[in-house]
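Engineer: Just the structure for this:
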Amino acid sequence: MIERTQLVMAGKKAMVPRLLKRSLQIAATVGLTASVLLIVIVSNSFLVGKAPSFRAGWNMWWAFIQRPDILSTMFLTAIVAVAFLYWQRNQERKAGGMTRT
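Structural biologist: Residues are numbered from 1 along each chain as shown. Model prediction:
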């Protein structure tokens, strides 16, 4: 039997397989990382470039984000972060519940 968990997105709740939920969390983390990189690289192109334009920054970001080493680093970081957070949550539950600080 597939273990199911609750996924909440945009105020809607759905029961989904645990692996699907983790995959969506990893994809969201990678997407947020790519978005932050886009903002940083485009902003940098406006500040440094001789003729500042969004297109130059976009092209630079697109070339950067397509590199396999960058993509694999982003995915590996997201996987480790999600795995660590769930491991830590399980450890807190085993230790007697979550405490508020």
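Engineer: okay, which residue is most central for this structure?
Structural biologist: Central residue of the chain (Cα atoms, centre = their mean): residue 29, 0.7 Å from the mean position.
Engineer: residues of whichever helix or strand it is part of that come out buried?
Structural biologist: Take DSSP states H and E as the rule and residue 29 turns out to sit in helix 18-48. Across helix 18-48, burial judged by 16 or more other Cβ atoms under 10 Å covers 21, 25-26, 29-30, 33, 38, 41-42, 45. Using the backbone N, CA and C atoms, a C-beta is placed for each residue, glycine as well.
Engineer: quick one: which of the residues you listed is nearest residue 67?
Structural biologist: Among the buried residues of helix 18-48, residue 41 lies closest to residue 67 (Cβ to Cβ), at 12.8 Å.
Engineer: I'd guessed that closest one sits against residue 60; true?
Structural biologist: Yes: if you go by Cβ atoms under 8 Å, residue 41 and residue 60 touch, sitting 5.5 Å apart.
Engineer: Lowest average confidence across helices and strands of this protein, where is it?
Structural biologist: When each helix and strand of the chain is scored by mean pLDDT, DSSP states H and E, strand 4-9 comes last, with a mean of 84.
Engineer: Which strands or helices does the helix holding residue 29 pack on?
Structural biologist: Where contact means 3 or more Cβ pairs under 8 Å, 6 or more residues apart in numbering; DSSP states H and E, helix 18-48 is packed against strand 4-9, helix 54-65, helix 68-94.
Engineer: To residue 16, which of the ones you listed lies closest?
Structural biologist: strand 4-9 (4.7 Å).
Engineer: Show me the contact partners of that closest one.
Structural biologist: Contact with strand 4-9 is made by 13-18, 20-21, 24, as judged by Cβ atoms under 8 Å, 6 or more residues apart in numbering.
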